[in-house]
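Asks: how would this look folded up:
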Amino acid sequence: MQTKTTPGAMLNAMREKPPLVQCITNYVAMNIAANVLLASGASPAMVHAAEEAGEFAGIASALTINIGTLSTQWIDGMQAAAKAATSAGKPWVLDPVAHYATAFRRNAVADLLALRPTIIRGNASEIIALAGGESRGQGSTAAIRSNRRKVRRDGWLSGSSRSSPLPVPSISSPTASGPCASKAGRP
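Replies: Residues are numbered from 1 along each chain as shown. Alright, predicted model coming up:
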C-alpha cells in the first residue's frame, strides 16, 4: 500500500529536522527569503562573501542563489558556494534574475549553469530566454505560446535529465522594449 504524501506531511517532516539554508540573494528579497524560511521551520543563513560562502555551503543543507544583486565579489561567492554544494551533493537553486539583460549577467549565469543547479527558478521570460527563445516581457502570454514548441523540443521544461552541463544559449541583447524593459514587482 502506497502512502500519500501531502504538502502538510512534507512540511511536518522538514520541521522535525530543520534544514540550514544558505541564501545568496538580492537586497530586496533578502529579508523576505529569511522570513519565509523561518516561518516554514528552516534556518536561513545569508552568507555570500567569497571568503566563506564555499565553506558554509559544505555545512548547509541547501543553497539558493538569486543573481538580482551582482558584483564581482558576489559572483565569486556564488561560484564558491555552488561548487561546494555540488561537490557535497547538496541541492541548490539558481534564480537567474534578468540574466539576459547584460553581458555581465549572461556570463555569470553561464558560469553558474555549468555548475549544474538542482533547480532553476525563474519567471516565464527568464526560462524562455534560457531555452534560447525571445520574450516580449515578463511572463508574456504571446511569448510563452510562440516558444512552447521550442522549449518542449529542447527538453528544458519536460524534466529531461542531461548527463552533460546544461547548454547555455547565446542570448542577444534586449532593446528598450525587450524582455527586461520592465521588471516591476520582481525582487
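Asks: Stretch 42-58 spans what distance, first to last residue?
Replies: 17 Å (CA to CA, to the nearest Å).
Asks: mind listing what Gly88 touches?
Replies: No Gly there; residue 88 is Ala. Contacts for Ala88 were tallied using CB atoms under 8 Å, 6 or more residues apart in numbering; they are 57-58. C-beta here means a position set from N, CA and C on the backbone, and glycine is covered the same way.
Asks: Repeat the analysis, applying 10 Å as the threshold.
Replies: Shown here is Ala88, whose contacts under the criterion CB atoms under 10 Å, 6 or more residues apart in numbering are 57-60, 63.
Asks: ok, of those residues, which one's closest to Lys83?
Replies: Checking those against Lys83 with CB to CB, the nearest one is Ala57 at 8.0 Å.
Asks: mean confidence score for the host helix or strand of that closest one?
Replies: Using DSSP states H and E, the secondary-structure element containing Ala57 is helix 50-59. Confidence over helix 50-59, taken as the mean pLDDT, stands at 97.
Asks: That helix - contacts with which helices or strands?
Replies: The elements that helix 50-59 packs onto, with contact taken as 3 or more CB pairs under 10 Å, 6 or more residues apart in numbering; DSSP states H and E, are strand 20-24, strand 43-45, strand 62-66, helix 72-88.
Asks: Now do the end-to-end distance for stretch 6-22.
Replies: 26 Å.
Asks: which parts of it are buried?
Replies: Going by neighbour count (16 or more other CB atoms under 10 Å), the buried part of stretch 6-22 is 19, 21-22.
Asks: just how off-centre is stretch 38-52 within its chain?
Replies: For stretch 38-52, the distance from its own C-alpha centre to the chain's C-alpha centre is 15 Å (CA atoms, centre = their mean, to the nearest Å).
Asks: Distance check, the nearest residue to Ile24 once chain neighbours are set aside against Ile59.
Replies: The shortest distance from Ile24 to any non-neighbouring residue, by CB to CB, 6 or more residues apart in numbering, is to His48 (4.4 Å). His48 sits 15 Å away from Ile59, taking CB to CB, to the nearest Å as the criterion.
Asks: And those two? Which one has more around it.
Replies: The residue with the greater number of neighbours, taking His48 and Ile59 and applying other CB atoms under 10 Å, is His48; the counts read 24 against 12.
Asks: Can you name the helix or strand that that one falls in?
Replies: Secondary structure (DSSP H and E) places His48 outside all helices and strands.
Asks: List the contacts of it.
Replies: With contact taken as CB under 10 Å, 6+ apart, His48 is in contact with 22-25, 30, 56, 65, 69, 71, 73-78, 80-81.
Asks: contact partners of the helix or strand where Met10 lies?
Replies: Under DSSP H and E, the secondary-structure element containing Met10 is helix 7-16. With CB under 10 Å, 6+ apart as the test, helix 7-16 has contacts from 3, 5-6, 40-42, 61.
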